[in-house]
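K.L.:
Predicted model, plus sequence, below.
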Amino acid sequence: MSTTLLLALNFPPFGGGIARMMGELALRYPPRGLTISTGTWPGCEASDARFPQTIDRVAVGAKRLRTVNGLCLWTWRATSLVRRTQPGFAWCDEVKPAGYPAAWLHARGGPPFGVIAHGADFLLLDAKVRRSAFKRWTARRMLERCSVIVANSRWTADLARSVLEFLGCHALSAEVRVVPLGTTPSRFRPDIDPVAVRRKHGLDGGPWLLTVARLDFHKGIDTVIRALPAIRAAFPTARYAVAGIGSRRSSLEGLVAELGLGDAVRLLGFVSDEDLPALYNAADLFLLASRRYDLLVEGFGISIVEASASGLPVIGTRSGGIPEAVREGETGFLVEPDDPAAVAAAAIRLLGDEALRRRIGAAGRAAVETYYNWDRVAADLIRIDREFRRS
């Protein structure tokens, strides 16, 4: 099989969930079966050495690939790669900006290409094409050349189909596939000693509730904080830890002070990838109370399946793609967004029933081992690649 081209703004050591997914894909494609075109990032030389693929970096910072000059350089460099490697298919890590060079190449005899949809990217595209004739024209010109869209959840797939139908891309709307995401069960597992990470972050006592997310409004961290007084009324020693950075830290600290929660809430800030598996093992419950807000949404929720892999029961919300990461009543419980009372009730139920916690945690671990893992995700994407590639 000829090589596959991956056009990726987001690729390690660039941070974030999309970059992580692209890195996991690169580790699982056949060696030298993937040629990755991306930008530069501090530490990229050391990072690139761990991938068994050809990584070609445009001589501009990854974030500048969104600019006109960056796109031109990226397209020029990708054109050279296509001439040299003759790929049979190309993946775009997200619809924009990677879709632009992919469409330009395809229009000039380059490979068929697919776009990976994450949720918020198509929300943003939807908003832009509905208010701008020029944005509609450019999006249509790009997407009418695309062969397949791969969505991370059914929710994201429905959103993508809606945008495509609005643009008149009816054939592509029929080629939207769903590939739910996963994690690495050998890395996130329930037998990791949490003593060192507890000491490092001051996580004494408990039981501990945990969220791993950016401190953004749509993550719903404030909802869990508002639920905590009711939880502590039933379990006075219960505390809440949040791993992540973001613009909402000061407002969350204000809410903690307003509710008189003191050190019952710990905003841990940045937690390294190396410490994350142990951090999950230091907790008793995982919560992701995300809500849709403006153009932000949880397209799937990788942190949920990381928690499940670690043997934690999870509480999520019926928002975006979260219901596809939580098997209701099996690996966790779902509540409505912005409902602290419902969050508190679910948490109290789980904290009060050790057998239920163990059963749900074990079921979550089994779900990751059998389905929500990167091996299955990569196999699904490779199968779609083979379906649409140029023979």
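P.N.:
Yep, it's here. Numbering: from 1, shown residues only.
K.L.:
Surely residue 308 and residue 369 touch.
P.N.:
No - between residue 308 and residue 369 no contact is recorded; they are 9.9 Å apart, counting by C-beta atoms under 8 Å. The C-beta positions use only the backbone N, C-alpha and C, and glycine is treated the same way.
K.L.:
Comparing these two, which residue is more hemmed in?
P.N.:
residue 308 (33 against 14; other C-beta atoms under 10 Å).
K.L.:
need the next SSE after the strand or helix carrying the more buried one, C-terminal direction.
P.N.:
Using DSSP states H and E, residue 308 falls within helix 302-309. The helix or strand immediately downstream of helix 302-309 is strand 314-317, counting by DSSP H and E.
K.L.:
can I get the CA coordinates of whichever helix or strand comes after that following strand in PDB?
P.N.:
Counting by DSSP H and E, the next helix or strand C-terminal to strand 314-317 is strand 332-335. Coordinates of each C-alpha in strand 332-335 appear next as PDB, following Å, rounded to 0.1, in the frame of the first residue of the first chain:
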ATOM      1  CA  GLY A 332     -21.000   6.000  34.800                       C
ATOM      2  CA  PHE A 333     -24.000   8.300  35.100                       C
ATOM      3  CA  LEU A 334     -25.300  11.100  32.900                       C
ATOM      4  CA  VAL A 335     -27.000  14.300  34.200                       C
END
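K.L.:
what's next to strand 332-335, contact-wise?
P.N.:
With contact meaning C-beta atoms under 8 Å, 6 or more residues apart in numbering, strand 332-335 is reached by 286, 289, 304, 308, 313-318, 322-323, 326, 328, 342-343, 345-346, 349-350, 360, 364.
K.L.:
and if you look at stretch 135-150?
P.N.:
With C-beta under 8 Å, 6+ apart as the criterion, stretch 135-150 contacts 95, 99-100, 102-103, 106-107, 112-117, 125, 128-129, 157, 160, 164, 167-169, 172, 175-179, 381, 384, 387-388.
K.L.:
same deal with stretch 82-92?
P.N.:
Outside stretch 82-92, the residues touching it (C-beta under 8 Å, 6+ apart) are 1-8, 25, 35, 54, 81, 98-99, 102, 105-106, 110-116, 381, 385, 388-391.
K.L.:
At which residues are the helices of the stretch 201-350 of the chain located?
P.N.:
221-234, 249-258, 276-281, 302-309, 340-351 (DSSP state H, counting those that start in this stretch).
K.L.:
Of all these, which one comes closest to residue 74?
P.N.:
helix 302-309 (26.4 Å; C-beta to C-beta).
K.L.:
helices or strands up against the closest one?
P.N.:
If you count contacts as 3 or more C-beta pairs under 8 Å, 6 or more residues apart in numbering; DSSP states H and E, helix 302-309 packs onto strand 208-212, helix 276-281, strand 285-288, strand 314-317, helix 354-370.
K.L.:
in that helix, what's buried?
P.N.:
Of all the residues in helix 302-309, those buried under the rule 16 or more other C-beta atoms under 10 Å are 302, 303, 304, 305, 306, 307, 308, 309.
K.L.:
Tell me how this protein divides into domains.
P.N.:
Domain ranges of the chain: 4-182+373-388, 195-370, per automatic domain parsing.
K.L.:
Determine which of those approaches residue 189 most closely.
P.N.:
Nearest to residue 189, of all the domains of the chain, is domain 195-370, at 6.4 Å by C-beta to C-beta.
K.L.:
Tell me where the model's unsure across the stretch 1-150 of the chain.
P.N.:
Residues of the stretch 1-150 of the chain that meet the criterion pLDDT under 70 lie in 1.
K.L.:
Who are the contact partners of the nearest residue to residue 57 once chain neighbours are set aside?
P.N.:
Closest residue to residue 57 apart from its sequence neighbours, by C-beta to C-beta, 6 or more residues apart in numbering: residue 40 at 5.0 Å. Contacts of residue 40 were listed using C-beta under 8 Å, 6+ apart, and they are 57, 58, 59, 60, 61, 62.
K.L.:
swap the cut-off to 10 Å and go again
P.N.:
14, 57, 58, 59, 60, 61, 62, 64, 65 (C-beta atoms under 10 Å, 6 or more residues apart in numbering).
K.L.:
Over to residue 117?
P.N.:
92, 94-95, 125, 149-153, 156-157, 159-160, 163, 176-179, 299.
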